[in-house]
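>>> this is the structure alone, sequence omitted:
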């Protein structure tokens with residue numbers, strides 16, 4: 001998960017046609033300033049194409065603050081120059097899941113930020129609904145609801161907002177005192193968890209919260225209206241993995257989901273639509289059910305990090321691990337730390353639960369060269385190989401599938417584990433045979 005900022009120069013083609021040398025010089029000056037604001041707020045530029053710039057931030061708040069400072073600076077420069085030739089930018093911001101390819105980022109969040117940028121006025125900022133929910137209570141700015149818009153290459157309407165500057169036309173309803181759900185107002189663990197729980201507590205009984213890893217309770221489908229019986233029947237299938245798969249194939253939101261498959265299905269749907277608060281509620285309800293499915297926890301933690309930052313995600317999972325402890329909550333809590341602390345927590349979890357196979361895969365990843373930040377030592381290589389072997393053995397013995405509601409996540413993990421395991425073994429074979437094949441001087 002990442003917050004994506006897309007910036008584009010207004011009228012760049014016309015400016016190049018009028019004065020190519022001067023425009024390129026101004027662009028270089030603007031980029032120097034813009035890059036500084038991005039770095040100041042913890043972002044990085046991952047793609048540039050002429051006058052377009054794509055940046056990634058850990059949280060939506062970081063991206064919004066950088067964008068506001070960029071546009072404030074640009075307005076000040078334009079006001080100070082009688083020629084008015086300082087370049088103007090349009091900026092779009094979205095938040096969502098991304099995929100890293102070398103130094104580039106791909107995904108719906110990247111595409112959406114680029115499309116939101118086209119909705120911004122010159123010198124303005126346009127943001128998705130998810131970004132608005134995350135930042136509007138935390139920045140001093142006027143927000144304008146411009147409603148749902150259809151944009152190119154996005155398969156669903158996008159609910160967008162603008163951050164109005166002194167010279168930016170509003171074209172909508174100003175929202176100077178946004179009414180936010182409790183989930184996004186919360187800046188502390190107690191605020192987040194208590195307020196969300198108040199909204200969804202009817203889904204999870206005290207008995208469920210105090211008894212982790214129990215089978216999901218059945219719900220009397222006969223009491224449901226006819227329109228809801230089909231969806232409810234899918235949720236109540238004895239095999240929750242099968243139930244989730246069928247719900248994914250069926251599509252559409254499930255009204256009043258009463259099981260992990262239904263909640264996860266809805267949470268993913270809310271994420272795709274940019275409805276972050278609804279996704280938070282569904283994930284949080286599922287997280288407190290005391291189940292060992294790890295993929296919903298991984299996505300929930302990523303959603304919290306993207307909107308509230310790593311510290312809040314760490315606090316949310318500290319409380320979940322205390323109030324509704326499972327191996328899954330302990331695992332995802334460990335992942336909210338970095339470096340040696342993360343490895344120590346993963347090792348402690350495996351010492352207590354050696355049969356918890358997903359932790360072996362994540363421990364292996366922690367000992368790769370990419371994670372340790374340098375050359376892999378022999379010891380790191382041995383730990384990685386042993387952890388991958390344990391993970392793949394669990395798969396062969398049929399002990400993995402029960403930890404994943406979405407089996408496509410498991411398939412991805414297995415593909416990566418097989419490839420890396422083969423690379424390590426081939427490398428080891430090469431080292432063993434190398435002395436015998438060496439050419440004599």
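Nice, thanks for sending it over. Since we're looking at a predicted model, the values are computed, not measured.

>>> can you list the buried residues in the helix or strand containing residue 271?
Using DSSP states H and E, residue 271 sits in helix 260-273. Buried positions in helix 260-273, judged by neighbour count with 16 or more other Cβ atoms under 10 Å: 260-271, 273. Every residue, glycine included, has its C-beta placed from N, CA and C.

>>> repeat for stretch 49-63
Within stretch 49-63, the residues scored as buried using 16+ other Cβ under 10 Å are 51, 53, 54, 55, 56, 57, 58, 59, 60, 61, 62, 63.

>>> quick check, the second one in a strand?
In this case it means residue 53. Yes. Residue 53: assigned to a strand according to DSSP: H, G, I helix; E, B strand; the rest coil.

>>> pretty sure it sits against residue 33.
No. Judged on Cβ atoms under 8 Å, residue 53 makes no contact with residue 33 at a distance of 11.8 Å.

>>> OK, contacts around the residue nearest to residue 90 when sequence neighbours are not counted?
Spatially, and ignoring its direct neighbours in sequence, residue 90 is nearest to residue 120 (4.1 Å; Cβ to Cβ, 6 or more residues apart in numbering). Residues in contact with residue 120 (Cβ atoms under 8 Å, 6 or more residues apart in numbering) are 90, 91, 92, 126, 162.

>>> and the first one, how far from residue 118?
Translated: residue 90. Distance of residue 90 to residue 118, given as Cβ to Cβ, to the nearest Å: 7 Å.

>>> the two - which one has more neighbours?
Legend: neighbour count by other Cβ atoms under 10 Å for residue 90 and residue 118, higher for residue 90 (21 against 14).

>>> what strand or helix carries that one?
Applying DSSP H and E, one finds residue 90 within strand 89-96.

>>> what lines up beside the next helix or strand after that strand in the sheet?
The helix or strand immediately downstream of strand 89-96 is strand 99-101, counting by DSSP H and E. Counting by DSSP bridges, the strands paired with strand 99-101 are strand 104-106 (antiparallel).

>>> next one: the partner strand to chain centre, how far?
Relative to the chain's own centre, strand 104-106 is displaced by 14 Å; criterion: Cα atoms, centre = their mean, to the nearest Å.

>>> report the next helix or strand after it in sequence order.
Where DSSP H and E defines the elements, the next helix or strand beyond strand 104-106 is helix 108-119.

>>> helices or strands up against the helix or strand following that following helix?
Sequence order places strand 125-128 as the next helix or strand after helix 108-119, per DSSP H and E. With contacts defined as 3 or more Cβ pairs under 8 Å, 6 or more residues apart in numbering; DSSP states H and E, strand 125-128 has these neighbours: helix 60-80, strand 89-96, helix 108-119, strand 158-164.

>>> where does the stretch 201-350 of the chain have low pLDDT?
201-238 (pLDDT under 70).

>>> so who does residue 87 touch?
Residue 87 neighbours (Cβ under 8 Å, 6+ apart): 9, 10, 15, 23, 26, 27, 30, 74.

>>> next: residue 150.
Applying Cβ under 8 Å, 6+ apart, the residues near residue 150 are 157, 158.

>>> if I look at residue 90 and residue 118, which residues touch both of them?
In contact with both residue 90 and residue 118: residue 8, using Cβ under 8 Å, 6+ apart.

>>> ok, the closest residue to residue 353 other than its chain neighbours to residue 129 distance?
Once flanking residues are discounted, residue 353 sits nearest to residue 327: 5.4 Å by Cβ to Cβ, 6+ apart. In this view, residue 327 and residue 129 are 34 Å apart by Cβ to Cβ.

>>> where do the strands sit along the chain?
2-9, 44-49, 52-57, 89-96, 99-101, 104-106, 125-128, 142-149, 158-164, 173-175 (DSSP state E).

>>> among the ones you listed, which comes closest to residue 38?
Proximity to residue 38 (Cβ to Cβ) singles out strand 52-57 among the strands of the chain, at 5.1 Å.

>>> what helices or strands is that closest one leaning on?
So strand 52-57, by 3+ Cβ pairs under 8 Å, 6+ apart, packs with strand 2-9, helix 20-40, strand 44-49, helix 60-80, helix 108-119.

>>> can those go into CSV with extra columns for mean pLDDT and distance to residue 97?
Formatted as CSV, the helices and strands packed on strand 52-57 follow (pLDDT from 0 to 100; distance: least, Cβ to Cβ, whole Å):
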stretch, mean pLDDT, distance to residue 97
strand 2-9, 91, 8
helix 20-40, 85, 21
strand 44-49, 87, 15
helix 60-80, 85, 14
helix 108-119, 90, 7
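
>>> out of those, which is closest to residue 284?
helix 60-80 (18.5 Å).

>>> quick check: buried residues in the closest one?
Under the neighbour-count criterion of 16+ other Cβ under 10 Å, helix 60-80 has 60-71, 73-75, 77-78 buried.

>>> how near is the residue lying closest to residue 1 once chain neighbours are set aside to residue 274?
With Cβ to Cβ, 6+ apart as the criterion, residue 1 has its nearest non-adjacent residue at 3.6 Å, and that residue is residue 306. As judged by Cβ to Cβ, residue 306 and residue 274 stand 12 Å apart.

>>> okay, and the common contacts of those two?
Shared contacts of residue 306 and residue 274, counting by Cβ under 8 Å, 6+ apart, come down to residue 96.

>>> residues touching the residue nearest to residue 23 when sequence neighbours are not counted, list them.
Closest residue in space to residue 23, ignoring its immediate chain neighbours: residue 15 at 4.4 Å, by Cβ to Cβ, 6+ apart. Applying Cβ under 8 Å, 6+ apart, we find residue 15 in contact with 9, 23, 87.
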